[in-house]
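1. Have a look; sequence and predicted model below, questions after that.
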Amino acid sequence: GAVVSQHPSWVICKSGTSVKIECRSLDFQATTMFWYRQFPKQSLMLMATSNEGSKATYEQGVEKDKFLINHASLTLSTLTVTSAHPEDSSFYICSARGGLLGFYSPLHFGNGTRLTVT
Amino acid sequence: RKEVEQDPGPFNVPEGATVAFNCTYSNSASQSFFWYRQDCRKEPKLLMSVYSSGNEDGRFTAQLNRASQYISLLIRDSKLSDSATYLCVVEGAGNQFYFGTGTSLTVIP
């Protein structure tokens, strides 16, 4: 089945530094990938839609200059949290649609990145 | 009105019980429907796609009611390992996916 790999699985960084998270579709091409954030005991919140070869579409309230998204190839999207602060500590998850069903294929999620900013 | 509404629960059921979750959606033009399972501190994992005719996978049955705009998930003979949060996901137009808030299930020994 379709596999989405996300790296790193967890990261601890100091306030003010930047963190890059990678999301790869391993066995299919993904023109669109999605980035989410999830705080403890809360729902997944869509942050942005990453489109291969073009600018990402950000959800309302998500700062595009803080959460930089690059989707340079059909199998890789990256999310960079710039100048991270403790309030950015969260579980970041990517997803992509892929599979033999084409249009009706489900979303497949990466294993998530747990970010802790100290 | 939210695109997808889901009862957050929690549902606490004894082992062996049958439990059902519903999820309603607002856009009648929605194309695809899915149930995901999310364990604590993990990513969501696909449980089942939901087809118009309904579909079953072992102890799990998913149904779609387009007229009333809801999807359901039935779990029979609940196991302790079924304890998780169950998310419904509905695809609207333009590659947009809408998530329910998730329903928390705890199966009690």
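-> Arrived safely, thanks for sending.
2. For chain A, give me the ranges with low pLDDT.
-> Along chain A, segments meeting pLDDT under 70 span A:1, A:99-104.
3. So which bits of it are right by chain B?
-> Residues of chain A lying close to chain B by C-beta under 8 Å from any C-beta of the partner chain are A:6, A:32, A:34, A:43-44, A:46, A:49, A:91, A:93, A:97, A:101, A:103-104, A:106-112, A:114. Using the backbone N, CA and C atoms, a C-beta is placed for each residue, glycine as well.
4. Of the residues you listed, which belong to helices?
-> Among the residues of chain A next to chain B, DSSP state H puts none in helices.
5. hmm, which of the residues you listed are the buried ones?
-> A:6, A:32, A:34, A:43-44, A:46, A:49, A:91, A:93, A:97, A:106-110, A:112, A:114 (16 or more other C-beta atoms under 10 Å in any protein chain shown).
6. Tell me which of those fall in strands.
-> Those of those mapping onto strands are A:6, A:32, A:34, A:46, A:49, A:91, A:93, A:97, A:107-109, A:114, per DSSP state E.
7. With distance to B:Leu87 added, can I get the residues you listed in JSON lines?
-> Converted to JSON lines, these look like this (distance: C-beta to C-beta, whole Å):
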{"residue": "A:Gln6", "distance to B:Leu87": "18"}
{"residue": "A:Thr32", "distance to B:Leu87": "19"}
{"residue": "A:Phe34", "distance to B:Leu87": "14"}
{"residue": "A:Leu46", "distance to B:Leu87": "13"}
{"residue": "A:Thr49", "distance to B:Leu87": "18"}
{"residue": "A:Phe91", "distance to B:Leu87": "14"}
{"residue": "A:Ile93", "distance to B:Leu87": "12"}
{"residue": "A:Arg97", "distance to B:Leu87": "16"}
{"residue": "A:Leu107", "distance to B:Leu87": "10"}
{"residue": "A:His108", "distance to B:Leu87": "14"}
{"residue": "A:Phe109", "distance to B:Leu87": "10"}
{"residue": "A:Arg114", "distance to B:Leu87": "19"}
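8. From those, pick the one nearest chain B.
-> Of all these, A:Phe109 has the smallest distance to chain B: 4.2 Å, by C-beta to the nearest C-beta.
9. hang on, the earlier thing: just name the closest of the ones in strands among the buried ones among the residues of chain A next to chain B to B:Pro44, please.
-> Closest approach between these and B:Pro44, by C-beta to C-beta: A:Phe109, at 5.2 Å.
10. ok, the closest one - contacts?
-> Residues near A:Phe109 by C-beta atoms under 8 Å, 6 or more residues apart in numbering or on different chains: A:4, A:93-95, B:43-45.
11. who does it bridge with?
-> When assigned by DSSP bridges, A:Phe109 has beta-bridge partners A:Ser95.
12. My guess is A:Thr82 contacts A:Lys66. True?
-> Yes: with contacts counted by C-beta atoms under 8 Å, A:Thr82 reaches A:Lys66, the gap being 5.5 Å.
13. Can you name the residues in contact with the host helix or strand of B:Ala62?
-> Using DSSP states H and E, the element containing B:Ala62 is strand B:60-65. The contact list for strand B:60-65 (C-beta under 8 Å, 6+ apart) reads B:33, B:35, B:47-52, B:54-56, B:70-76.
14. B:Ser81 should be in a helix, yeah?
-> Yes: judged by DSSP: H, G, I helix; E, B strand; the rest coil, B:Ser81 forms part of a helix.
15. Tell me the spacing between it and B:Asp39.
-> B:Ser81 sits 10 Å away from B:Asp39 when distances are taken as C-beta to C-beta, to the nearest Å.
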